[in-house]
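Engineer: how would this look folded up:
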Amino acid sequence: QLRLVESGGGWVQPGGSLRLSCTASAVNLEEYEVGWFRQAPGKGREYVSCIDDGSLKYGGFVKGRFTISRDIRRNSVELQMNGLQPEDTAVYYCAAVQAKDGCSGYARNYRHWGQGTQVTVSS
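Structural biologist: All right, here's what the predicted structure looks like:
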């Protein structure tokens with residue numbers, strides 16, 4: 001059974017950086033398409049980024065600030081976030097699906113979800 005665990009969240013000042021990790025147990029995460037989503041208080045879940053075999057994709061609001069990547073050795077998917085702003089404050093979730101048809105920004109396409117990690121950006 002795939003279990004996803006997010007880590008790396010925390011508090012940072014505006015303009016700062018954080019690196020989130022999504023680590024999988026019991027399976028090889030390379031076989032999965034993985035997405036990052038976020039949910040701010042009082043708002044719906046928002047697509048951030050996803051990675052599949054051949055591409056890296058990002059939500060429109062990212063504007064070059066975030067980078068998604070795989071760490072094969074750690075069996076994880078990383079999300080490097082730079083230039084964080086207060087509007088980036090949210091719980092960040094990773095999600096995975098064992099598929100080869102190209103990752104998407106639709107939460108309903110993902111089967112497995114982590115518990116989330118809080119990111120707070122404030123001065």
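
Engineer: which of the three states applies to Val62?
Structural biologist: coil (DSSP: H, G, I helix; E, B strand; the rest coil).

Engineer: what separation do you get for the spatially most distant residue from the centre of the chain and Ile72?
Structural biologist: When distances are taken from the C-alpha mean of the chain, Ser123 lies farthest, 23.5 Å away, according to Cα atoms, centre = their mean. Per Cβ to Cβ, to the nearest Å, Ser123 is found 37 Å from Ile72. The way it works is simple: take the backbone N, C-alpha and C, and place the C-beta from them, glycine included.

Engineer: likewise Ala107?
Structural biologist: 26 Å.

Engineer: repeat that for Val62.
Structural biologist: From Val62 over to Ile72 the distance is 23 Å, taken as Cβ to Cβ.

Engineer: before we move on, the earlier item: residues contacting the residue farthest from the centre of the chain?
Structural biologist: By Cβ atoms under 8 Å, 6 or more residues apart in numbering, Ser123 lies in contact with 13-14.

Engineer: can you check the pLDDT for Gly64?
Structural biologist: The predicted structure scores Gly64 at 94 on the pLDDT scale.

Engineer: try Gly54
Structural biologist: Reported pLDDT for Gly54: 80.

Engineer: number of residues surrounding it?
Structural biologist: 8 (other Cβ atoms under 10 Å).
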